[in-house]
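Student: sequence and computational prediction follow.
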Amino acid sequence: MGATIPEAAAWAILFSPLASFLFIALVVRPFLNRRYARLAGYVTVLAVGAALALSLWAAASTLRQGGPVGFAPHRWLTLGELEFRVGVLLDPLTAVMLVVVTGVSLMVQVYSQGYMRGDPGYARYFAFMSLFTASMVGIVLARSILQLYVFWELVGLCSYLLIGFWGDRPAAAAAAKKAFLVTRLGDVGFLLAILYLFSQRAVFLERGLNPLEIPDIHEVAALAKAGAVGGLAITWLALGIFAGAAGKSAQFPLHTWLPDAMEGPTPVSALIHAATMVAAGVFLVARLYPVFEASQDALVVVALVGGFTALFAATMGLVMDDIKRVMAYSTVSQLGYMMLALGIGAPRLAIFHLGMHAFFKALLFLGAGSVNHATGTFDLRSMGGLRRRMPWTYGTFLVAALSLAGVFPLAGFWSKDVILGAAWSSGEPVAPWVFWMVMVTVALTAFYIFRVFFMAFHGASRGSQAEASHGAGGHGGGPHESPAVMVLPMVALAVPAVAAGYVANPLSALGPVGAHWLNEFMASLGGEVAEPDVALAIASQVAALTGIAVAALLYQARARWLAPMGRGLAPLGRLLSRRYYLDELYEGITVGRLFYRGMARFTDWVDREVVDRTVDGIGWLGRNLGRSLLPLQNGQVQVYGVVISFGVLAIVGAYLLLR
Amino acid sequence: MTLERWLVLSAVLFTIGLYGALTKRHAVAVLMAIEIMFGAVNIAALAMSRYVVPFALRANAADVEGVASLVLTGQVFAVFIITIAAAEVALGLALVIAIYRSRETVDVTRVNLMKR
């Protein structure tokens, strides 16, 4: 790993999981599915492992270079004077994302070996997972925005395939469809932004740049910021891109698909929530950050949407009874943090949090999957008392929960605290608003994750149904620890969930890693990084510990004196557990009333009354014109003769008149 | 007599014949009306050969053969038409008899097989 990574090796990061997908889809599934389906799992682990190794090499190369590793783009096709190119863009942002994506993916693939064992779709599962990883790597590596968009849509497709993996269950099929459609809604904005760039190609071409290449977009955006380029509606461009990002990253108006996406297998959720699907949105904004930087309005929108989503999703996470749904809202909420960090001008912190979140959220999901593997349910109400039975899951889950809650000194603390600090010290007018939003969210986050923690692992077992269903599985003896192949990835993820925060090194140099190491590394991303603020850290610790304490009081100690308050809050709880009636709003009013009754009914009316009437009218006209002439055909030769005679007269008359 | 008068006579006869052919219900009467139309056409042909040809002669006296063929054309037409009319009447009457045998009527308005 001494040398700088060659371009072929950088491409191999993408092609290794892609090759795994092709191999499984074309060889394992058709020919070896019956007896050697497990081969699919091994191939995937191998391919993603290779991708991780290459990613580390790529990261080391960028680190040594202290900036982007330059690879020349390749010509794809030429359209007029515009050349479409593909290439690898390997800068610090790419490097960090690559390591996070392939690292988390590898852990998930290993874990899946145990979780998916015996599933009839085993080979198919790993084929999709390989493609999913490859697509995400493709997004991260893309140099051209068009190339990025291709993989962007591939990620959408893979999420559809994997969420609907158990498509024979109606809920899974519906969730897959919903995820696909809702993210597509955002993608329209992204596509429009790309088309807009294309339409503005003159601005680029006259400077010798290419409107579809990300580094060139950065340059022009910088010029636009300086006011050197006119005629580029940079705010709309940024908002279009943000719409795509909000769809993928499940930000406020488009967040509804993510909780439903829990219908997929749990490792899929872990991958979607940690590294691939939802991270793509945050990555996209960070990748095109200069465009956002050039438009203050767009940044304000990003910050407000992020801050609001963080708070809003956290409140819904408070009351969910499905362990995976709690985590889904938690993901939405954490993504809000990242968007907020982007919005207040701190993209590096967003990526930092993305990485830290990837580790502890993947771990939480793997923990939830492990619990599900043991109990056969995701319903918190029928869990409890798993601490003794599943010590490894318990321990790793606790680490991840503390990390999510942002408790010192775990990874989540560092990444969350710098975002809080940035919001506090940022000069943006919206910063105070979003600061308080996320400050409240810190407490809520700690509460909901520890609610899950206490309900699942502490107290008495409430799992009568669980044990029964598990007994039917043939293991017997009640819930027990998952196999080593599942526990090992969890332990492996627990390490970064605890320690990865130190790569940021906010305080001082630590061994070989200098202070602010990650921030310095990603300096090319731009934005400012605030110095850590001890008072702020203490405040966030107080908020987090309050949340944990309340959760402990309610669900561990079961404090009686809190019961009246709980009853008083019941209407609020109902509002939250119905998810603010947003699904009803979308499905009932938007889809049901507006779309079905409004638009669909109107188009139906047009179809029946205008189109059908026209077509019917033409037929009617033909039929009835004929009918009016029908009496003429009466078989009377003399009548025919009369008609012919007058016809001849008419022709001759016309000839004489017009001669 | 001038050409115009002959042609007017021919036209009047033709119209009478056409009217009869289109209005008479008796098949034999229709045939007779058609004979009148033949007569009208004959008159027109003969009148043309009698009056139009001398103009051509005067205009082109040298072309004797061409003029002779012109002189005879109208008359030959008349002879042909008379012949064809005779054959046609024979055929028509045969048809009338055939129709009468099969349908017990010679009323042409009741013979509407062409409707099918």
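Tutor: That came in fine, so what should we check first? Numbers count the residues shown, from 1 in each chain, chains lettered A, B, ... in the order given.

Student: does A:Phe71 sit in a helix, a strand or a coil?
Tutor: Three-state call for A:Phe71 (DSSP: H, G, I helix; E, B strand; the rest coil): coil.

Student: name the residues of stretch A:642-659 that come out as buried.
Tutor: Applying a neighbour-count criterion of 16 or more other Cβ atoms under 10 Å in any protein chain shown, the buried positions in stretch A:642-659 are A:Val642. (Glycine included, C-beta is placed from N, CA and C.)

Student: mind checking the SS state of the residue of chain B most remote from its centre?
Tutor: Distance to the chain centre peaks in chain B at B:Ala62, reaching 33.9 Å (criterion: Cα atoms, centre = their mean). Three-state call for B:Ala62 (three-state DSSP): coil.

Student: can you check the pLDDT for it?
Tutor: If you check B:Ala62, the pLDDT there is 71.

Student: from chain B, how far off is A:Val407?
Tutor: 98 Å (Cβ to the nearest Cβ, to the nearest Å).

Student: oh, that last question was meant for A:Glu81, not what I typed.
Tutor: For A:Glu81, the distance to chain B - Cβ to the nearest Cβ - is 72 Å.

Student: now that residue, nearest residue through space, not along the chain?
Tutor: Once flanking residues are discounted, A:Glu81 sits nearest to A:Leu205: 6.2 Å by Cβ to Cβ, 6 or more residues apart in numbering or on different chains.

Student: do the same with A:Gly240
Tutor: Counting by Cβ to Cβ, 6+ apart, A:Gly240 lies nearest to A:Ala193, which is 3.2 Å off, once chain neighbours are set aside.

Student: shouldn't that neighbour be within a strand?
Tutor: No - in this structure, A:Ala193 is helix, not part of a strand, as judged by three-state DSSP.

Student: what's the spatially most central residue of chain B sitting at in phi/psi?
Tutor: Centre of chain B computed as the mean C-alpha position; nearest residue by Cα atoms, centre = their mean is B:Phe38, 1.5 Å away. Main-chain dihedrals, B:Phe38, degrees, to the nearest 10: phi -60, psi -50.

Student: quick one: the nearest residue to it once chain neighbours are set aside from chain A, how far?
Tutor: Nearest-residue entry for B:Phe38: B:Ala85, 4.5 Å, with adjacent residues in sequence omitted and distances by Cβ to Cβ, 6+ apart. According to Cβ to the nearest Cβ, B:Ala85 and chain A sit 18 Å apart.

Student: buried residues in stretch A:3-12?
Tutor: Residues of stretch A:3-12 classed as buried: A:5, A:9-12 (neighbour count, 16+ other Cβ under 10 Å).

Student: and which of those is nearest to chain B?
Tutor: Closest to chain B out of the buried residues of stretch A:3-12 is A:Trp11 (79.3 Å), distances taken as Cβ to the nearest Cβ.

Student: let me know whether that closest one touches A:Val88 as I believe.
Tutor: Yes - judged on Cβ atoms under 8 Å, A:Trp11 makes contact with A:Val88 at a distance of 6.4 Å.

Student: what do those two both touch?
Tutor: A:Leu141 (Cβ atoms under 8 Å, 6 or more residues apart in numbering or on different chains).

Student: what parts of chain B come near chain A?
Tutor: Within reach of chain A by Cβ under 8 Å from any Cβ of the partner chain, chain B has these residues: B:18, B:21-23, B:30, B:108-109, B:111-116.

Student: in strands, which of those fall?
Tutor: Using DSSP state E, no member of the residues of chain B next to chain A sits in strands.

Student: give me the buried entries from those residues.
Tutor: If we count by 16+ other Cβ under 10 Å, the residues of chain B next to chain A have these buried: B:18, B:21-22, B:30, B:108, B:111.

Student: let me know the closest of those residues to chain A.
Tutor: So of those, ranked by how close each gets to chain A (Cβ to the nearest Cβ), first place is B:Leu22, at 4.9 Å.

Student: what's the burial count for residue 40?
Tutor: Using chain A. Residues within reach of A:Ala40, counting by other Cβ atoms under 10 Å in any protein chain shown, total 29.

Student: not quite, go with chain B.
Tutor: 21.

Student: so which residue of the stretch 151-300 of chain A comes closest to chain B?
Tutor: Taking Cβ to the nearest Cβ, the stretch 151-300 of chain A has A:Lys177 as its residue nearest chain B, at 59.9 Å.

Student: how many neighbours does that residue have?
Tutor: A:Lys177, neighbours per other Cβ under 10 Å, totals 16.

Student: what sits against it?
Tutor: Here A:Lys177 is in contact with A:160, A:164 (criterion: Cβ under 8 Å, 6+ apart).

Student: what are the buried residues along the helix or strand it falls within?
Tutor: If you go by DSSP states H and E, A:Lys177 is part of helix A:170-199. Along helix A:170-199, these residues count as buried under the neighbour rule (16+ other Cβ under 10 Å): A:172, A:175-180, A:182-184, A:186-187, A:189-194, A:196-197.

Student: now, which of the buried residues of stretch A:3-12 lie within helices?
Tutor: Counted as lying in helices by DSSP state H, out of these, are A:9-12.

Student: now do the contacts for residue 18.
Tutor: Going with chain A. Shown in contact with A:Leu18 (Cβ under 8 Å, 6+ apart): A:130-131, A:134.

Student: switch to chain B, please.
Tutor: A:641, A:645, B:33, B:37.

Student: surely the last one and B:Phe14 touch.
Tutor: Yes - if you go by Cβ under 8 Å, B:Met37 and B:Phe14 touch, sitting 5.4 Å apart.

Student: now the common contact residues for those two.
Tutor: Joint contacts of B:Met37 and B:Phe14 (Cβ under 8 Å, 6+ apart) do not exist.

Student: how about the stretch 351-500 of chain A: which residue is closest to chain B?
Tutor: Counting by Cβ to the nearest Cβ, the stretch 351-500 of chain A gets nearest chain B through A:Phe378, at 78.0 Å.

Student: what about A:Asp119, which SS state?
Tutor: Secondary structure, three-state DSSP: A:Asp119 is coil.

Student: what number of residues lie near it?
Tutor: Neighbour count of A:Asp119, defined by other Cβ under 10 Å: 15.

Student: skipping its backbone neighbours, what lies nearest it in space?
Tutor: Counting by Cβ to Cβ, 6+ apart, A:Tyr125 is the residue found nearest to A:Asp119 once chain neighbours are left out, at 6.5 Å.

Student: so who does that neighbour touch?
Tutor: Contact partners of A:Tyr125, counting by Cβ under 8 Å, 6+ apart, are A:40, A:112, A:116, A:119, A:162, A:165, A:265.

Student: so who does the third one touch?
Tutor: When you say that, I think you mean A:Met116. A:41, A:122, A:125-126, A:265, A:267.

Student: which strands or helices does the helix or strand hosting A:Gln334 pack on?
Tutor: A:Gln334 is part of helix A:323-343, with elements assigned from DSSP H and E. For helix A:323-343, the elements it packs on are helix A:257-260, helix A:266-274, helix A:277-287, helix A:296-317, helix A:347-375, helix A:411-425, helix A:431-457, judged by 3 or more Cβ pairs under 8 Å, 6 or more residues apart in numbering or on different chains; DSSP states H and E.

Student: which of the ones you listed sits closest to A:Ser20?
Tutor: helix A:266-274 (14.6 Å; Cβ to Cβ).
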